[in-house]
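Participant: Give the three-dimensional model of this entry:
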Amino acid sequence: MKSLIHPGYFPSIAHFVVIAKNTDQLLIEMEDNYQKQTYRNRLYIYGANGKQVLTVPIKHSGENRQKYKDVKIENNFDWQKQHWKSLQTAYRTSPFFEFYEDELQPLFEKKHNFLLDLNFQTIDLISECLQLDFIFDKTTSYEKEPQEIHDFRKLIIAKKETTYSFEKYTQVFQDKHGFIENLSILDLLFNEGTNAISYLENQQISL
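Facilitator: Residues are numbered from 1 along each chain as shown. Reported below is the predicted structural model:
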């Protein structure tokens, strides 16, 4: 049975648990409306002061409803430089930041017009870093309650905290603020490196 997910911006660990466990049975939602306060345009990292949000600015169309795939990024200021600097500050002392730095940096130097295109690139890039091969199909119409599908689209919601009880791993600032679960996949990548895949495969998600 296929698993249905939204593409997010450097998606959460929960998203990548679904991807890692369903490498040949993935369905990507392409026909939904854009919503605020979701992982579509934000990620959470572990900074020196705890949980830190990085947000991709978007252009507001003025329409009440806009398809996710039509949402454009606001590039009037250098938000990418800010995001990259924040990642460097948060993870420069992590075990694997330097290992992946050269692969990730070019994405923060390339301008993207559409949010969905950016998000697909972040997923592709992380998958390359993890050496994770997966096959996916894209939806061609929106179904509120799809049949015979594991619907994981709720994972995209960021405004409500969900506890997954994921296994703890070592984080840079955990001595200050404790373990923070389900941050961006970048947090797991920089702290666990090549161990990230086995970590993802061993976690469980139930919605």
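Participant: ok, the closest residue to His177 other than its chain neighbours - how many residues close by?
Facilitator: Distances taken as C-beta to C-beta, 6 or more residues apart in numbering place Gly50 nearest to His177, at 4.5 Å, with adjacent residues excluded. Heads up, the C-betas are built off the backbone N, CA and C, glycines and all. Here the number of neighbours of Gly50 (other C-beta atoms under 10 Å) works out to 11.
Participant: Distance-wise, check the residue most central in space within the chain relative to Asp78.
Facilitator: The centre of the chain sits closest to Pro11, judged by C-alpha atoms, centre = their mean, with a distance of 0.9 Å. Counting by C-beta to C-beta, to the nearest Å, the separation of Pro11 from Asp78 is 23 Å.
Participant: How about Ile13?
Facilitator: 28 Å.
Participant: Those two: which has the busier surroundings?
Facilitator: Neighbours per residue, other C-beta under 10 Å: of Ile13 and Asp78, the larger number sits with Ile13, 24 against 12.
Participant: if I pick that one, what's in contact with it?
Facilitator: Going by C-beta atoms under 8 Å, 6 or more residues apart in numbering, Ile13 touches 166, 181-185, 187-188, 200, 203.
Participant: mind running it again at 10 Å?
Facilitator: 20, 164, 166, 169, 181-189, 196, 199-200, 203, 205 (C-beta atoms under 10 Å, 6 or more residues apart in numbering).
Participant: Near Glu148, how many other residues are there?
Facilitator: 6.
Participant: Spatially, what comes nearest to it if we skip its sequence neighbours?
Facilitator: Among residues not flanking Glu148 along the chain, Met1 sits closest, at 6.1 Å (C-beta to C-beta, 6+ apart).
Participant: hmm, back to that, quick check, the residue nearest to His177 in contact with Phe179.
Facilitator: No: contact between Gly50 and Phe179 fails when scored by C-beta atoms under 10 Å: they sit 11.5 Å apart.
Participant: buried set for stretch 97-115?
Facilitator: Buried residues in stretch 97-115, counted by 16 or more other C-beta atoms under 10 Å: 97, 100, 104, 107, 112, 115.
Participant: brain fart, stretch 42-56
Facilitator: Going by neighbour count (16+ other C-beta under 10 Å), the buried part of stretch 42-56 is 42-47, 52, 54, 56.
Participant: go on, stretch 65-82?
Facilitator: For stretch 65-82, a neighbour-count test (16+ other C-beta under 10 Å) marks 66, 68-69, 71, 73, 79-80 as buried.
Participant: re earlier: would TSV of the buried residues of stretch 42-56 with secondary structure, distance to His6 and pLDDT be doable?
Facilitator: Below are these laid out as TSV (DSSP: H, G, I helix; E, B strand; the rest coil; distance: C-beta to C-beta, whole Å; pLDDT from 0 to 100):
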residue	secondary structure	distance to His6	pLDDT
Arg42	strand	13	96
Leu43	strand	13	97
Tyr44	strand	16	97
Ile45	strand	20	98
Tyr46	strand	23	98
Gly47	strand	25	96
Gln52	strand	22	97
Leu54	strand	18	98
Val56	coil	14	97
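Participant: biggest separation within those, which pair?
Facilitator: Across the buried residues of stretch 42-56, no pair lies farther apart than Tyr46 and Val56, at 19.0 Å, counting by C-beta to C-beta.
Participant: neighbours of the closest residue in space to Ile126 that isn't next to it in sequence, just the number please.
Facilitator: Spatially, and ignoring its direct neighbours in sequence, Ile126 is nearest to Ile185 (5.4 Å; C-beta to C-beta, 6+ apart). Using other C-beta under 10 Å, Ile185 has 27 neighbouring residues.
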